[in-house]
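K.L.:
Give me a 3D structure for the following:
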Amino acid sequence: MKISNETKVGALTAIAITLLILGFNFLKGKSLFKTGSFVYAKYKNTKGIMVSNPVYINGLQVGAVYELEEANKNLDTIIIAIKLNKELNIPLNSLASIKENPLGTASIDISLGDSKAYLKNHDTIATADVPGALGAITTKLTPVIDQVKVTVQTLDSVLRNLNSIVDPYTKNNMQDMVANMNRISGSLIVSAASLQQMLNNQTGALAKSLNNVNSFTQNLSGNNERINNTMANLEKTTQTISQADINGTFTQLRATVDRLNSAMEKIDSRDGSIGLLLNDKQIYENMANTTRSLNILMDDIRVNPKRYVSISVFGKKSKGEYLTSPLPVVDTSSKKTNAAE
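P.N.:
Residues are numbered from 1 along each chain as shown. Below is the predicted model of the structure:
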């Protein structure tokens, strides 16, 4: 049986269309027959998730979205079929959440639980509605935008009230105030220049002060050993003083002072010999007369030695008169000076 060219073209066209559909589904991650490991997740809002979007566990892609279908006609629940690359032990209390990406495609992130029981093929995994980065920013910005609107309305009202109360006189005053602010800003510029000069690294007063402080600290660093020795000696001295029996020393000193006071009282009184010598005038006169007599005797012995001692065989005892008063004192130093001349 001879096949016509039209039949051949039609058959080839059908085969090409079939291969195109199969290749397109293959590129989208779908196979002709629904085989492999599947888990299902139910969401109220898919947040733009599409077929062949990746599924991650701990940052590793373990599968892809196989298909999406509505659970009922109200579209309040959407079922997402997740095809896993291979069989995995996913705990029963794991959570699947849609992760939005403003700059790319959305994905599903599975957070593993701690259950010892695992999901089976075609089981339904629990889901969690986690707002993405854009949703979190929008949620946080919404009250801020509302406050900005209220602030703008209040500012508009304030400006209208200000326009209603500002008269020409007030405007002139405001112009004077602006002029004063300009003068103040000029003064601030001059002050800033002075401050910059003071803070100059080379010639500023602050730099000189810092140099002096640096020199002082260098001197301290150079004399650190001496300072340590001085502090060590001071510590030893204070330790010695702290260990000394200061109370005992003061007690002994007080006792010595008491004894000295007692001795001085006895000296001032007429009870002892020293007290009698110091306070009895008669004893003083007797001692003075005794000293005068002794001086006379010594002068007489010096002038008339033969009267008391005779050492000559042929001599005779001196019969001169005895002295009744001391001889005058002779300055021997002047005699020696005259003899030398």
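K.L.:
the helices in the stretch 1-150 of the chain, which residues?
P.N.:
For the stretch 1-150 of the chain, applying DSSP state H, counting those that start in this stretch gives helices covering 5-27, 133-165.
K.L.:
Kindly reformat these as JSON lines containing distance to Ser187.
P.N.:
Placement of C-beta: from N, CA and C, glycine included. Shown next, in JSON lines, are these (distance: least, CB to CB, whole Å):
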{"stretch": "helix 5-27", "distance to Ser187": "74"}
{"stretch": "helix 133-165", "distance to Ser187": "29"}
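K.L.:
Save these as JSON lines, and put in mean pLDDT too.
P.N.:
Shown next, in JSON lines, are these (pLDDT from 0 to 100):
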{"stretch": "helix 5-27", "mean pLDDT": "78"}
{"stretch": "helix 133-165", "mean pLDDT": "75"}
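K.L.:
nearest to Leu220, of those helices?
P.N.:
Smallest distance to Leu220 across the helices of the stretch 1-150 of the chain (CB to CB): 55.6 Å, for helix 133-165.
K.L.:
now the angle from the helix or strand just after that closest one to helix 133-165?
P.N.:
Next along the chain after helix 133-165, taking DSSP states H and E as the criterion, comes helix 168-198. Calculated by axes from the mean of the first three to the mean of the last three CA atoms, to 10 degrees, helix 168-198 forms an angle of 120 degrees with helix 133-165.
K.L.:
Let's see the helix or strand just after helix 168-198 as CSV, backbone CA atoms only.
P.N.:
Downstream of helix 168-198, the first helix or strand assigned by DSSP H and E is helix 205-222. Only the C-alpha atoms of helix 205-222 are listed here, as CSV (Å, rounded to 0.1, in the frame of the first residue of the first chain):
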residue,chain,number,x,y,z
ALA,A,205,47.7,76.0,70.2
LEU,A,206,46.1,72.5,70.7
ALA,A,207,49.0,70.9,68.8
LYS,A,208,51.5,72.7,71.0
SER,A,209,49.7,71.6,74.1
LEU,A,210,49.6,68.0,72.8
ASN,A,211,53.3,68.2,72.1
ASN,A,212,53.9,69.4,75.7
VAL,A,213,51.8,66.6,77.0
ASN,A,214,53.6,64.2,74.8
SER,A,215,57.0,65.5,76.1
PHE,A,216,55.8,65.2,79.7
THR,A,217,54.6,61.6,79.2
GLN,A,218,57.9,60.8,77.5
ASN,A,219,59.8,62.2,80.5
LEU,A,220,57.6,60.1,82.8
SER,A,221,58.3,57.1,80.6
GLY,A,222,62.0,57.8,80.8
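K.L.:
Kindly calculate the angle that helix 205-222 makes with helix 168-198.
P.N.:
Using the same axes, to 10 degrees, helix 205-222 lies at 40 degrees relative to helix 168-198.
K.L.:
Next, the buried residues of helix 205-222.
P.N.:
Within helix 205-222, no residue qualifies as buried by neighbour count (16 or more other CB atoms under 10 Å).
K.L.:
Mean confidence (pLDDT) on that helix, please.
P.N.:
In this model, helix 205-222 has a mean pLDDT of 80.
K.L.:
Show me how far that helix is from its chain's centre.
P.N.:
Its chain's C-alpha centre and that of helix 205-222 lie 23 Å apart, by CA atoms, centre = their mean, to the nearest Å.
K.L.:
which is the next helix or strand following that helix?
P.N.:
Later in the chain than helix 205-222, the nearest helix or strand by DSSP H and E is helix 224-243.
K.L.:
Same list (the helices of the stretch 1-150 of the chain) but as TSV, adding mean neighbour count and distance to Ser194.
P.N.:
Below are those laid out as TSV (neighbours: other CB atoms under 10 Å; distance: least, CB to CB, whole Å):
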stretch	mean neighbour count	distance to Ser194
helix 5-27	10	74
helix 133-165	10	38
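K.L.:
Glu69 is nearest to which of the ones you listed?
P.N.:
helix 5-27 (16.1 Å).
K.L.:
Using PDB, write out every CA atom in that closest one.
P.N.:
This file holds the C-alpha atoms of helix 5-27, laid out as PDB (Å, rounded to 0.1, in the frame of the first residue of the first chain):
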ATOM      1  CA  ASN A   5       2.900  12.500   0.600                       C
ATOM      2  CA  GLU A   6       0.100  14.400   2.400                       C
ATOM      3  CA  THR A   7      -0.200  11.500   4.900                       C
ATOM      4  CA  LYS A   8       3.500  11.600   5.500                       C
ATOM      5  CA  VAL A   9       3.500  15.300   6.100                       C
ATOM      6  CA  GLY A  10       0.600  15.100   8.400                       C
ATOM      7  CA  ALA A  11       2.200  12.300  10.400                       C
ATOM      8  CA  LEU A  12       5.500  14.100  10.700                       C
ATOM      9  CA  THR A  13       3.600  17.300  11.800                       C
ATOM     10  CA  ALA A  14       1.700  15.400  14.500                       C
ATOM     11  CA  ILE A  15       5.000  13.800  15.700                       C
ATOM     12  CA  ALA A  16       6.700  17.200  15.800                       C
ATOM     13  CA  ILE A  17       3.800  18.700  17.800                       C
ATOM     14  CA  THR A  18       3.900  15.800  20.200                       C
ATOM     15  CA  LEU A  19       7.700  16.200  20.700                       C
ATOM     16  CA  LEU A  20       7.300  20.000  21.100                       C
ATOM     17  CA  ILE A  21       4.700  19.500  23.800                       C
ATOM     18  CA  LEU A  22       6.800  16.800  25.600                       C
ATOM     19  CA  GLY A  23      10.000  19.000  25.400                       C
ATOM     20  CA  PHE A  24       8.100  22.100  26.600                       C
ATOM     21  CA  ASN A  25       6.700  20.100  29.600                       C
ATOM     22  CA  PHE A  26      10.200  18.600  30.200                       C
ATOM     23  CA  LEU A  27      11.700  22.100  30.300                       C
END
